[in-house]
Structure formats: C-alpha cells, structure tokens
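Peer 1: Fold the following, please.
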Amino acid sequence: MDFTPDKDVWFVQRLADAQRGLYAYILQLLPNRADADDVLQATNLVMWSKRSQFVAGSDFAAWAARIAYYEVLTHRKRKGRDRLRFDDSLVEQLSQEAAAESGQIDAVLQTLRLCMEKLNQPDRDLLQMQYADDLRPRQIAERLGRSPGAISVAMHRIRMSLLKCIDEHDRSVREDDR
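Peer 2: Below is the predicted model of the structure:
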C-alpha cells in the first residue's frame, strides 16, 4: 500500500482505534503496566514504520496484534535477566488466548457504543463527565447544580440501562446464531 497524506490519515485512524485492544492484549502478556506501556509505544512505532506493508482489506487488528506479539518477545529478551521469566511457549499460548479475547472485547465495546447511542443526551453527558473527564459525582453535582446523591443515583440508573441493553443485544445475537 503506497502511502499518501490521505492514506496516512486512514492509517492513523485505524491505529488510534486499535489502541485499547492492543493495550489489553499486551497487558495479558506482560503483567507490569510500565512494561506494557513501553511495548505499546514500541508497537506503535513499528506499525508506523511498516505501514506500507499493511495489505489493504486485511484485518488491521490481527496485523497489529502480531506486531505487538513480536514486540513483547523483544521486550522479554531485553529483560531476560529478570528473575521471573515465562517460557516462550507459554507466551505464545497466552498470545493466542489474548487474541481470541481481543475480538470479544471489540464486540463488547461495539455493543456498548450502540447502547450508548440509545441514551438521551443528558445521560451521555453524565457518562462523559464521569468517565472521559474523570470527574467525581461531587464535582459533577457542583457543575450541574444538583446533589451528589442525585448524580450517583442517575449514574447507577444509566449503568443498569446500559447493562440491560447489552444483555438484550447479546441475547438477540445468540438467537440469531441458532
């Protein structure tokens, strides 16, 4: 794939979309968050340098996971003098399991996005403030002129609504698979 500015933008969008799944995958192979952060950054650099090798139409997440896997192995070799060291065959097995779970995580995130779209705007705003802006109920209450208790109750109601939506979606998918 020859890269032009438009294709670079496309690639960066795919790279950004893959970050959560890649990080979760790497964390399953490396229990230390600092190591996982380092490997994610190294993986991103390798992916960028090899972007011309990505075959359009193929599975970007699988391609990214394979690069991450090799970066984990490279990281492990560099840290080989550490006392705790997993056998490479164990890392391969964990990698395969993590890749399978990564697809499940992506499906759950997609379902969550669909369910969040069904919420009214004030509920989405509350979720944004708590989870994206990292505000506590007390801070949200001050911002909205409501009590912290009312915010906590609203957040509980929103989470239960999302859980119900996800359960209903999963049930309908299982019924469709029959």
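Peer 1: Ile166 contacts Arg113, doesn't it?
Peer 2: No. Using Cβ atoms under 8 Å, Ile166 makes no contact with Arg113, being 10.7 Å away. (Each C-beta comes from the backbone N, C-alpha and C, glycine too.)
Peer 1: For Gly57, see how far away Thr43 is.
Peer 2: In this view, Thr43 and Gly57 are 22 Å apart by Cβ to Cβ, to the nearest Å.
Peer 1: between those two, who's got more neighbours?
Peer 2: For Thr43 versus Gly57, the count of surrounding residues by other Cβ atoms under 10 Å is larger for Thr43: 28 against 7.
Peer 1: Residues contacting the helix or strand hosting that one, please?
Peer 2: Under DSSP states H and E, the secondary-structure element containing Thr43 is helix 33-49. Contacts of helix 33-49 with the rest of the structure, by Cβ atoms under 8 Å, 6 or more residues apart in numbering, involve 11, 15, 19, 22-23, 26-27, 30, 64, 67-68, 70-72, 74-75, 79.
Peer 1: Out of those residues, list just those in helices.
Peer 2: Among the contacts of helix 33-49, the members falling in helices are 11, 15, 19, 22-23, 26-27, 64, 67-68, 70-72, 74-75 (criterion: DSSP state H).
Peer 1: quick one: which of those residues is most hemmed in?
Peer 2: Neighbour tally across the ones in helices among the contacts of helix 33-49 (other Cβ under 10 Å): the maximum, 29 neighbours, falls on Ala68.
Peer 1: I figured that residue was touching Ala24, is that so?
Peer 2: No. The pair formed by Ala68 and Ala24 falls short of the contact definition of Cβ under 8 Å, at 10.5 Å.
Peer 1: and the residue of the chain most remote from its centre, what are its phi and psi?
Peer 2: Residue distances from the centre of the chain (Cα atoms, centre = their mean) peak at Gly145, which lies 33.3 Å from the mean C-alpha position. The phi and psi values for Gly145, taken as degrees, to the nearest 10, are phi 70, psi 30.
Peer 1: likewise Ser58?
Peer 2: On the backbone of Ser58 - angles per degrees, to the nearest 10 - the values are phi -90, psi 180.
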